[in-house]
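> Here is my input; please provide its structure:
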Amino acid sequence: INYLRPDFQRGSFSSQEAALIIELHSILGNKWAQIAKHLPGRTD
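The predicted structure is shown next:
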C-alpha cells in the first residue's frame, strides 16, 4: 500500500510514547494536537 507520508509510524505506541502521552495529557488536558507535536512521526 502506498501512503502520502510513508515516514509516519503506524501501530501501537511504545511504552516511552505512552508514558509521554500520559504525562502531557496531565499537563495539557485534551489538547491532542499540542500533544501530537511532541510525538514526531505520529499524526494528531
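> What score does Gln16 have for pLDDT?
We note a pLDDT of 93 for Gln16 in this prediction.
> how close does it sit to Ile22?
11 Å (CB to CB, to the nearest Å). All C-beta spots, glycine's among them, are computed from the backbone N, C-alpha and C.
> can you map out the helices along this protein?
15-28, 32-36 (DSSP state H).
> May I see those helices arranged in JSON lines, with distance to Arg42 as well?
JSON lines is the format used below for the helices of the chain (distance: least, CB to CB, whole Å):
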{"stretch": "helix 15-28", "distance to Arg42": "8"}
{"stretch": "helix 32-36", "distance to Arg42": "6"}
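> which residue packs closest to Glu17, ignoring adjacent ones?
In this structure, Glu17 finds its nearest non-sequential neighbour in Leu39, 6.1 Å apart by CB to CB, 6 or more residues apart in numbering.
> Over to His25?
Leaving aside its sequence neighbours, His25 sits nearest to Ile35 (CB to CB, 6+ apart; 6.5 Å).
> what's near enough to touch that neighbour?
Ile35 is in contact with Ile21, Leu24, His25, Leu28, Asp44, counting by CB atoms under 8 Å, 6 or more residues apart in numbering.
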